[in-house]
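# A predicted structure for the sequence below; I have some questions about it.
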Amino acid sequence: MKHILTLGLALLLSLSGNLQASEYKIDTAGAHAFIQFKIKHLGYSWLHGRFDSFEGRFNYDPKNPTAASVKVTIDTASLNSNHAERDKHLRGKDFLNVDKYPKATFVSTAFIPKGDGKAELKGKLTLHGVTREISIDVQEIGAGKDPWGGYRQGFTGTTEFALKDFGIDYDLGPASRTVQLILDIEGIAQTMM
Amino acid sequence: MPLKNTNTRYGWISVALHWSMALAIFAMFGLGLWMRDLGYYDPWYRQGPHIHKSLGIVLLALLLLRLLWRAVNVQPDDAPGMPRWERVAAHLTHYTLYSLLLLMMIAGYLISTADGRAIEVFDWFSVPASLQNLPNQEDIAGEAHEILAWLIILIAGVHSAAALKHHFYNRDNTLKKMLGIADNPPSRRSR
């Protein structure tokens, strides 16, 4: 019995190695993905926060990178900046208005490889009920088998936009009109499942 | 004015607790509404909530003291000739106000301590967090705090209208009794 199991597992492992995975589920279950933001406080320091709850998928085939695509849905109420009173304010009407706009989404429209693992990811970000085209600077971090029989692929990305472009015009001061997003994404290949 | 209540009048501790809390509760309602719309660069952006939270803790202490004082004191008789429904309604209003105030203070405390931070009371001392990190605690407690605030102001309005009705329509000593300037006229019940 034990031998059959070992054999089966070995077979599965070799199979997954042979399959060229291209469809990935972002590993939010294991929290190997982070959607963080940073914005200047008064122009004197960076304030960091993140969204604790989101989900997404991406397609990426190293042999055909221009076909890559990604879709992510964020629960805006899961905002966390390590300060309950601030989080309450940021979820409220002055900022994200999460009762009215509980979801933010990003749907890619183009993936343009720039060489050296770098790429430009274009897509539509819907935030605070406003949909706009944004561009994310992407860097591939790595890919390969994980120790538990899966295959993983990871990227990091950054983008910056003005809050006002998404209809958020609470005055935080001249140094705090734009926010940066820092996206760290690890996907688990789905094709072998 | 005596220190303690008697069968015919309130003592000065009850009078002082009633009016200081009434003033503070209305001030807190105004401050709470006003401070939510302050701009980030307003000098009151930090000062307003600090005073609101500090005064809230002081009010909680006063409310507990008041309930304790009420428990160990006699309550003056109601104005003579009050119908039964009016007595029941009046006393029900008082207990409802106490309960809603307590709930509102707890809700306010749960907003500010949702992430484990303590509440600094006028830089005198701090009240530590207890219940914390519940899912969206600050948002749910915030909604409750707001609804309770409006309910309390509404019921306090009914309570004030009733006091004015006793003073100007019934022309009895109900309001004067709470002001500490008169007691109930002699009646069969209080003799």
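Arrived safely. Numbers count the residues shown, from 1 in each chain, chains lettered A, B, ... in the order given.
# Tell me the buried residues in the helix or strand of chain B with the lowest mean pLDDT?
For chain B, counting by mean pLDDT, DSSP states H and E, helix B:174-179 ranks last in confidence among helices and strands (a mean of 90). Neighbour-count burial for helix B:174-179 flags B:174-175, B:177-178 (criterion: 16 or more other Cβ atoms under 10 Å in any protein chain shown). All C-beta atoms are positioned from the backbone trio N, CA, C, and that covers glycine.
# And for stretch A:62-73?
A:68-70, A:72.
# before we move on, the earlier item: turn the buried residues of helix B:174-179 into JSON lines, including distance to residue A:177.
Below are the buried residues of helix B:174-179 laid out as JSON lines (distance: Cβ to Cβ, whole Å):
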{"residue": "B:174", "distance to residue A:177": "58"}
{"residue": "B:175", "distance to residue A:177": "55"}
{"residue": "B:177", "distance to residue A:177": "59"}
{"residue": "B:178", "distance to residue A:177": "54"}
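# between those residues, which is nearest chain A?
residue B:178 (36.7 Å; Cβ to the nearest Cβ).
# give me the low-pLDDT residue ranges for the chain?
Going with chain A. Along chain A, the parts satisfying pLDDT under 70 run over A:1-21, A:192-193.
# Not quite, go with chain B.
Residues of chain B meeting the criterion pLDDT under 70: B:186-191.
# Would you mind listing what in it touches chain A?
Within chain B, the positions near chain A by Cβ under 8 Å from any Cβ of the partner chain are B:39-41, B:49, B:111-115, B:117, B:136-139, B:142.
# I'd like to know which of those are part of helices.
Those of those mapping onto helices are B:49, B:111-112, B:137-139, B:142, per DSSP state H.
# what's around the closest residue to chain B within chain A, how many residues?
Across chain A, the shortest distance to chain B (Cβ to the nearest Cβ) belongs to residue A:84, at 3.6 Å. A count of neighbours around residue A:84, defined by other Cβ atoms under 10 Å in any protein chain shown, yields 26.
# And the one 5 residues further on, by the same measure?
Applying other Cβ under 10 Å, we find 19 residues neighbouring residue A:89.
# list the contacts for it?
By Cβ atoms under 8 Å, 6 or more residues apart in numbering or on different chains, the contact list for residue A:89 reads residue A:95.
# That one belongs to a strand?
No - Residue A:89: not assigned to a strand; according to DSSP: H, G, I helix; E, B strand; the rest coil it is helix.
# so which of the ones in helices among the residues of chain B next to chain A comes closest to chain A?
Of all these, the one sitting nearest chain A is residue B:138; the distance, using Cβ to the nearest Cβ, is 4.1 Å.
# ok, that closest one - contacts?
Residues in contact with residue B:138 (Cβ under 8 Å, 6+ apart) are A:84-85, A:87-88, B:110-111, B:114-115.
# quick one: what helix or strand has residue 96 in it?
Assuming you mean chain A. Using DSSP states H and E, residue A:96 maps to neither a helix nor a strand.
# let's do chain B instead
Using DSSP H and E, residue B:96 maps to helix B:84-112.
# Also residue B:30?
Under the criterion DSSP H and E, the helix or strand holding residue B:30 is helix B:12-35.
# can you give me the offset of that helix from its chain's centre?
When distances are taken as Cα atoms, centre = their mean, to the nearest Å, helix B:12-35 is centred 7 Å away from the chain's centroid.
# where does chain A come near chain B, residue by residue?
For chain A, the residues in contact with chain B (Cβ under 8 Å from any Cβ) are A:77, A:82-85, A:87-88, A:91, A:170-173.
# Chain A: strands as residue ranges?
Counting by DSSP state E, chain A has strands at residues A:23-26, A:34-41, A:45-51, A:54-59, A:69-75, A:79-80, A:103-115, A:118-127, A:130-145, A:151-162, A:178-189.
# Alpha carbons only: can I get the second one in CSV?
In this case it means strand A:34-41. Provided in CSV are the C-alpha atoms of strand A:34-41 (Å, rounded to 0.1, in the frame of the first residue of the first chain):
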residue,chain,number,x,y,z
PHE,A,34,0.1,40.8,-0.9
ILE,A,35,-1.7,43.9,-2.1
GLN,A,36,-0.1,46.8,-0.3
PHE,A,37,-0.3,50.6,-0.7
LYS,A,38,1.8,53.4,0.5
ILE,A,39,1.1,57.1,0.6
LYS,A,40,3.1,60.0,2.0
HIS,A,41,2.0,61.3,5.4
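# Now that strand: buried residues?
A:34-35, A:37-40.
# same check, this time on the last one
For strand A:178-189, the neighbour count (16+ other Cβ under 10 Å) marks A:179, A:181, A:183, A:185-189 as buried.
# ok, and for stretch B:118-137, which residues are buried?
B:119, B:121, B:127, B:129, B:136-137.
# Save those as TSV, and put in distance to residue B:6 too.
TSV is the format used below for those (distance: Cβ to Cβ, whole Å):
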residue	distance to residue B:6
B:119	38
B:121	34
B:127	36
B:129	42
B:136	49
B:137	45
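# Let me know the closest of those to residue A:137.
Closest approach to residue A:137 among those (Cβ to Cβ): residue B:136, at 32.8 Å.
# Is the closest one in contact with residue A:75, as I believe?
No - using Cβ atoms under 8 Å, residue B:136 is not in contact with residue A:75; the gap is 10.6 Å.
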